[in-house]
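*Asks:* What follows is a protein structure lacking sequence information:
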């Protein structure tokens with residue numbers, strides 16, 4: 001019985017966390033002044049009676065607890081309602097926007113992880129080269145420079161001044177910007193972890209055999225640092241969602257970030273609520289999968 005409770009605890013904790021985030025997001029969204037009827041009234045000529053009729057049709061005049069209960073009853077069945085601005089089911093809009101978000105997010109993460117690994121292993125293999133200083137510089141860059149500011153500067157340089165890339169609709173620049181930010185978050189703790197692992201007895205034996213430093217790093221150091229790398233990657237990947245959404249808006253990519261911005265501008269509460277729930281569930285899922293993989297790779301948490 002106790003083992004079953006232990007196995008069920010993480011999923012239940014994750015579900016409770018998503019539920020709390022959903023409720024808080026619902027209350028915060030409804031606290032914003034105005035609704036979609038106000039937006040429509042500003043765009044057209046709607047009388048007060050017509051506005052009241054529209055609110056009644058959309059259920060916006062109901063008490064908050066009734067609105068939340070109606071939305072939750074649909075959400076648990078996989079139905080997130082209809083967009084008040086676009087007139088389409090929210091699920092369809094998300095399915096259309098999800099590929100762009102995944103392409104940017106996973107592409108940027110792959111670039112960042114590869115760059116971080118290359119810098120960390122290179123700095124260990126050549127400690128007297130400029131690579132250790134570059135590790136510090138990339139780490140400071142990710143802390144001090146927001147991706148949104150880098151995106152604006154990149155647009156000015158590569159799209160407007162040089163004309164090498166279109167201003168909107170491409171993934172090259174945003175993926176590179178996101179990847180550099182992720183690399184800066186990963187490379188310093190990864191480099192420190194690998195440097196500490198160098199003191200292990202089997203690594204001293206490998207060095208005594210005359211193995212190349214790069215081979216030692218790839219086949220001896222890196223496997224011992226995989227649990228830490230996995231934990232770092234899960235945190236960074238979850239945090240990279242925010243950078244993905246802002247870069248989507250900046251570069252005009254048709255992802256969930258652009259969809260959420262349209263929902264905010266149009267006071268499209270069902271669409272915005274679904275976006276918040278999606279992001280919360282994505283972050284919880286990434287951390288849950290990373291925790292499971294960490295337990296499989298490292299037996300110490302299981303004990």
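*Replies:* Everything's here; your move. Keep in mind the model is a prediction, meaning the values are calculated, not measured.
*Asks:* For stretch 152-163, which residues meet the burial criterion?
*Replies:* Applying a neighbour-count criterion of 16 or more other CB atoms under 10 Å, one finds 154, 155, 158, 159 buried in stretch 152-163. To be clear about C-beta, it is placed using only N, CA and C from the backbone, and glycine gets the same treatment.
*Asks:* would JSON lines of the residues you listed with secondary structure, pLDDT and distance to residue 16 be doable?
*Replies:* Shown next, in JSON lines, are the buried residues of stretch 152-163 (DSSP: H, G, I helix; E, B strand; the rest coil; pLDDT from 0 to 100; distance: CB to CB, whole Å):
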{"residue": "154", "secondary structure": "helix", "pLDDT": "91", "distance to residue 16": "41"}
{"residue": "155", "secondary structure": "helix", "pLDDT": "90", "distance to residue 16": "41"}
{"residue": "158", "secondary structure": "helix", "pLDDT": "90", "distance to residue 16": "45"}
{"residue": "159", "secondary structure": "helix", "pLDDT": "87", "distance to residue 16": "45"}
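*Asks:* Using JSON lines, lay out those together with distance to residue 186.
*Replies:* Shown next, in JSON lines, are those (distance: CB to CB, whole Å):
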{"residue": "154", "distance to residue 186": "21"}
{"residue": "155", "distance to residue 186": "26"}
{"residue": "158", "distance to residue 186": "25"}
{"residue": "159", "distance to residue 186": "28"}
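*Asks:* Can you tell me which of these is closest to residue 91?
*Replies:* residue 155 (32.4 Å; CB to CB).
*Asks:* okay but that closest one is in contact with residue 173, surely?
*Replies:* Yes. Judged on CB atoms under 8 Å, residue 155 makes contact with residue 173 at a distance of 7.5 Å.
*Asks:* what stretches of the stretch 101-250 of the chain score poorly on pLDDT?
*Replies:* Scanning the stretch 101-250 of the chain with the threshold set as pLDDT under 70 gives 199-220, 239.
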